[in-house]
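*Asks:* 3D model of this:
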Amino acid sequence: MIQEVHRLEVMYRERPVGILQMDPSGGVCVFEYHREWLASGFSISPTELPLQSGLFLGRKDFFDGSFAVFEDSLPDGYGLFLLDRMLRKEGLSLRGLTPLQRLSIIGNSGMGALSYMPVMPGFDHQSETENELELDILQEEALKLFSEKESGDASLLYYNSANSGGARPKTAFRTKDGAHWLVKFRHTYDPQEIGKTELRYMTAASECGISIPKVGLLRDRYFCIERFDIDSSGKRLHMLSAAALLKTDFRNQDADYTNLLALTGYLTQDPRQVEEMFRRMVFNIVAVNKDDHAKNFSFICRDSKWELAPAYDLTYSPEGTNGQHATSLFYDGNPGLDLVLKAGTGIRIPHERCMEIVNTVQSVCENRLDHIEKLK
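*Replies:* Numbers count the residues shown, from 1 in each chain. So this is what the prediction gives:
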């Protein structure tokens, strides 16, 4: 049975950050930083919760009264699907839970460094697969669940998913040397070679000069990517998606690349990282990755300084929404070279440098990928 939750301790690793609770009169969440965190911590969301004393109130029409920074801890797509399936077996639904109940279920098992205490009883378990042979079992269970012809084991899949997002099934995988990876499985609508396709696209992105995590292929079919929210010493890193920082629901697809470029400059204060975001925009357009919504771009906070997280979820995705990119450019869902150059020069990247990046990306994609959209 799901317990009532009226108050949560927000934690960063082992340190208390602040208190999140419900305002009984307004039906919204209220957050307040701890005094100790104000003295030596950092803003966990510069655009939403600046590091200052006092109460922050959520809005009733915004994430069910919660805050974008905390909603970002929840999985999307596949993870929410699994969680909802588990709850429905108990006669409940995800939408019927309060924001605090949902976060209490996530507890300390989500992506990034934030966790929420107390953990909802019965949901305080997190697995990491270590045997490659188990991957075939998880893939089979995922296909059963999605086919709706058979009943796959939703709890087995959920507790191995690390509460990761995205539409495709995933599992957390730890190698013998202690490295943490996410392994992607095929969805029912995916071709058999989807893992190899994503590896090829991520490799092409790296050749274009885009920063990516370590990637690979397990058992010659499962695409895997090293987790960048955990550092080499095993410590969790604070990470937020662009959707959370822009305080937008990525499913509405109302983000624009001009927003992402400006956000990168504001957070990092580093022209090189603004150029990196520009390069990712160009790659997504040329490589026909139209699943480029705002939750597929993230930022990491290290020692109170923000930086672009490595790129992820770069693959061939031509459908988009009505054939358009999830993130527009000057509100155009299929922008051409003129708008790309306007965006680059508008963020103070010289015209010649913009053209150099465009030409590099197009050259690599022409040589490495089967489907491209040339900018013209």
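*Asks:* can you tell me which strand in the chain is longest?
*Replies:* strand 15-23 (DSSP state E).
*Asks:* Point out the other helices and strands that it packs with.
*Replies:* Contact analysis of strand 15-23 by 3 or more C-beta pairs under 8 Å, 6 or more residues apart in numbering; DSSP states H and E lists strand 7-12, strand 28-33, helix 35-40, helix 99-106 as its packing neighbours. Any C-beta I mention is one placed from the backbone N, CA and C, and that applies to glycine too.
*Asks:* what does the last one rub up against?
*Replies:* By that I understand helix 99-106. Helix 99-106 is contacted by residues 2-8, 20-22, 29, 58, 63-66, 70-71, 73-74, 83, 94, 97, 115-116, 118-120, 123, 163 when judged by C-beta atoms under 8 Å, 6 or more residues apart in numbering.
*Asks:* thinking again about what came up before, quick one: mean pLDDT over the longest strand of the chain.
*Replies:* Model confidence over strand 15-23 averages 96 on the pLDDT scale.
*Asks:* For that strand, which residues meet the burial criterion?
*Replies:* 17, 18, 20, 21, 22 (16 or more other C-beta atoms under 10 Å).
*Asks:* swap in stretch 172-185?
*Replies:* Neighbour-count burial for stretch 172-185 [16+ other C-beta under 10 Å]: 172, 173, 180, 181, 182, 183, 184, 185.
*Asks:* Would you agree the fifth one falls within a strand?
*Replies:* Yes - secondary structure assignment places residue 182 in a strand (DSSP: H, G, I helix; E, B strand; the rest coil).
*Asks:* close enough to count as contact, it and residue 170?
*Replies:* Yes - assessed by C-beta atoms under 8 Å, residue 182 is found in contact with residue 170 at 5.2 Å.
*Asks:* Make JSON lines from the helices and strands packed on strand 15-23 and add mean pLDDT, distance to residue 317 and mean neighbour count to it.
*Replies:* Shown next, in JSON lines, are these (pLDDT from 0 to 100; distance: least, C-beta to C-beta, whole Å; neighbours: other C-beta atoms under 10 Å):
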{"stretch": "strand 7-12", "mean pLDDT": "97", "distance to residue 317": "34", "mean neighbour count": "19"}
{"stretch": "strand 28-33", "mean pLDDT": "97", "distance to residue 317": "34", "mean neighbour count": "21"}
{"stretch": "helix 35-40", "mean pLDDT": "97", "distance to residue 317": "40", "mean neighbour count": "12"}
{"stretch": "helix 99-106", "mean pLDDT": "92", "distance to residue 317": "27", "mean neighbour count": "23"}
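*Asks:* Residue 228 is nearest to which of the ones you listed?
*Replies:* Using C-beta to C-beta as the measure, strand 7-12 is the one of the helices and strands packed on strand 15-23 that comes nearest residue 228, at 17.2 Å.
*Asks:* what residues does the closest one touch?
*Replies:* Contact partners of strand 7-12, identified using C-beta under 8 Å, 6+ apart, comprise 16-22, 31, 41, 44, 70, 100, 103-104, 108, 113-118, 238.
*Asks:* can you pull out the strands in this protein?
*Replies:* 7-12, 15-23, 28-33, 56-57, 114-117, 170-174, 180-184, 215-218, 222-226, 238-241, 298-302, 305-308.
*Asks:* would CSV of those strands with distance to residue 359 be doable?
*Replies:* Below are these laid out as CSV (distance: least, C-beta to C-beta, whole Å):
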stretch, distance to residue 359
strand 7-12, 43
strand 15-23, 45
strand 28-33, 47
strand 56-57, 46
strand 114-117, 41
strand 170-174, 35
strand 180-184, 31
strand 215-218, 25
strand 222-226, 28
strand 238-241, 30
strand 298-302, 27
strand 305-308, 22
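*Asks:* For residue 276, which of those strands is the nearest?
*Replies:* Closest approach to residue 276 among those is made by strand 305-308 (5.7 Å; C-beta to C-beta).
*Asks:* From residue 256, how far out is residue 238?
*Replies:* Separation of residue 238 from residue 256 (C-beta to C-beta, to the nearest Å): 25 Å.
*Asks:* neighbour-wise, which of those two wins?
*Replies:* residue 238 (21 against 17; other C-beta atoms under 10 Å).
*Asks:* how about the residue lying closest to residue 299 once chain neighbours are set aside, what does it touch?
*Replies:* In space, and not counting its chain neighbours, residue 299 is closest to residue 306: 5.2 Å by C-beta to C-beta, 6 or more residues apart in numbering. By C-beta under 8 Å, 6+ apart, the contact set of residue 306 is 46, 267, 268, 299, 300.
*Asks:* per-residue pLDDT, the second one?
*Replies:* At residue 267, the predicted lDDT confidence score is 98.
*Asks:* Verify the contact between residue 280 and residue 311 for me.
*Replies:* Yes - here residue 280 lies in contact with residue 311, judged by C-beta under 8 Å, at a distance of 5.8 Å.
*Asks:* what's the overlap in contacts for the two?
*Replies:* Residues within reach of residue 280 and of residue 311 at once, by C-beta under 8 Å, 6+ apart, are 205, 210.
*Asks:* Identify each buried residue in the top helix by length along the chain, please.
*Replies:* Assignment by DSSP state H gives helix 351-368 as the longest helix of the chain. Residues of helix 351-368 classed as buried by neighbour count (16+ other C-beta under 10 Å): 354, 357, 358, 360, 361, 362, 364, 365, 368.
*Asks:* what's in contact with it?
*Replies:* 200, 203-204, 207-209, 275, 278-279, 282-283, 286-287, 337, 340-341, 344-345, 372, 374-375.
*Asks:* Is it possible to mark the buried ones in these?
*Replies:* Buried members of the contacts of helix 351-368, scored by 16+ other C-beta under 10 Å, are 200, 204, 208, 275, 278-279, 282-283, 286-287, 340-341, 344, 372, 375.
*Asks:* and the two most separated of the buried residues of stretch 172-185?
*Replies:* Farthest apart among the buried residues of stretch 172-185 by C-beta to C-beta are 180 and 185. That separation is 17.4 Å.
*Asks:* Quick check: residue 262 touching residue 347?
*Replies:* Yes - assessed by C-beta under 8 Å, residue 262 is found in contact with residue 347 at 7.0 Å.
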